[in-house]
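1. Pasting the sequence and the predicted model now:
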Amino acid sequence: MSKRTVSVWTDNRFWVRSAAWVTGFAAMLLIWLTFDTLSQISMGNDEDLKNGIAKRVPGPTVINYKITYEMSDKRGHEVPVIGGKEKFFGKDDWSEEEARALLHLGKLGSQAKNCMNCHTLLGNGAYYAPDLTKAWLDPAWGPTGPYLGMTGKDTKEEAMAEFLQHPSQYPTHERMMPDLKITADEAKGLVAFLKHMSSIDTNGFPRNFGKMSTDENGGLTLREKRGAQ
Ligand code: HEC
């Protein structure tokens, strides 16, 4: 009697078992990735900021701090650096509740006025108008940029709030932002929302955004930035 050799590749049980193992492994991996992502994107709080604990999404009171970017050789792109304290709308220390309320107002405002219809926020939206993810760091709002002078304001946040309320009065671009009837309070909230967003560690996205240099003097002008894009 001749012995029949059965190849493992033609054995049904082998394929059934492999399918079960691969499906099981992929399911475990997805569950692990989901929980890992949740912890990465959950917002930090005031304690983290005070203790210098870096969170990808810092707590609302990050609006009390200076935000800059530095090249990380390890990660190969720029990462947000939360610096010392700075006033925000003339106020020294926004409490966690106040900052949270202000950010909430800004977030609702950005949804009600549909900024994403023209701009991009954190990778979502349109590219008709400049990406807003790091707009807070746009040198156009710094001492060398046009907005402080045009709006007659002393600080970046006040200039931005003024621009948002009357954008068509301060055109710096071939395309003009329409007047969206944003109130003074909404504008304050939106500026806080933009400042907070600029502090989020987005793995270097968007690449090569124009930003203020650390000494806030060597930044590009808006035109140079647009030309470089
Ligand atoms: C209909 C399109 C449109 C909508 C909607 C819109 N914008 Fe704009 N926005 C523009 C355009 C165009 C510019 C460029 C204008 C300029 O430079 O003068 C601009 C410029 C800006 C700037 C300056 C950009 C920079 O790099 O510093 C900010 C900040 C801004 N918009 C915020 C907002 C916010 C916040 C909202 C939602 C509340 C919003 N925009 C809604 C079209 C729009």
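-> Yes, it's here. Numbering: from 1, shown residues only.

2. any idea how far the ligand is from the most centrally placed residue in the chain?
-> Central residue of the chain (C-alpha atoms, centre = their mean): M197, 3.6 Å from the mean position. As for M197, its distance to the ligand is 10 Å (criterion: C-beta to the nearest ligand atom, to the nearest Å). Every residue, glycine included, has its C-beta placed from N, CA and C.

3. Equivalent analysis for G189, please.
-> 10 Å.

4. Show the model's pLDDT score for that residue.
-> Listed pLDDT for G189 reads 98.

5. what's the answer for G52, then?
-> pLDDT, G52: 88.

6. now the one helix or strand E70 maps to: how far from the chain's centre is it?
-> Element membership for E70, per DSSP states H and E: strand 65-72. With C-alpha atoms, centre = their mean, to the nearest Å as the basis, strand 65-72 stands 13 Å off its chain's centre.

7. Report the residue ranges of every domain in this structure.
-> 8-39, 45-228 (automatic domain parsing).

8. could you pull out the helices for this structure?
-> 12-41, 46-50, 96-112, 147-151, 156-165, 184-198, 222-228 (DSSP state H).

9. Redo the ones you listed as TSV? Include distance to P206.
-> As requested, the helices of the chain are exported to TSV (distance: least, C-beta to C-beta, whole Å):
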stretch	distance to P206
helix 12-41	18
helix 46-50	24
helix 96-112	17
helix 147-151	20
helix 156-165	19
helix 184-198	11
helix 222-228	12
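
10. Lowest mean pLDDT across those, which one is that?
-> helix 222-228 (a mean of 42).

11. and this structure, which residues reach the ligand?
-> 109-110, 113-115, 117-119, 129-130, 132, 135, 138, 140, 160, 164, 171-173, 175-178, 180, 190 (C-beta under 6 Å from any ligand atom).

12. which among these end up buried?
-> 109-110, 115, 118-119, 129-130, 132, 135, 138, 140, 160, 164, 172, 177, 190 (16 or more other C-beta atoms under 10 Å).

13. Between all of those residues, which two are separated the most?
-> Put simply, by C-beta to C-beta the two of these set farthest apart are G109 and T172, 21.9 Å from each other.

14. How much space separates R13 from the ligand?
-> R13 is 60 Å from the ligand, by C-beta to the nearest ligand atom.

15. Give me the distance between that residue and A27.
-> 21 Å (C-beta to C-beta, to the nearest Å).

16. Name the stretch among the domains of the chain that sits most buried.
-> domain 45-228 (a mean of 17; mean count of other C-beta atoms under 10 Å).

17. where does that domain sit relative to the chain's centre, distance-wise?
-> The answer for domain 45-228 is 9 Å, by C-alpha atoms, centre = their mean.

18. Likewise for stretch 13-27?
-> 40 Å.
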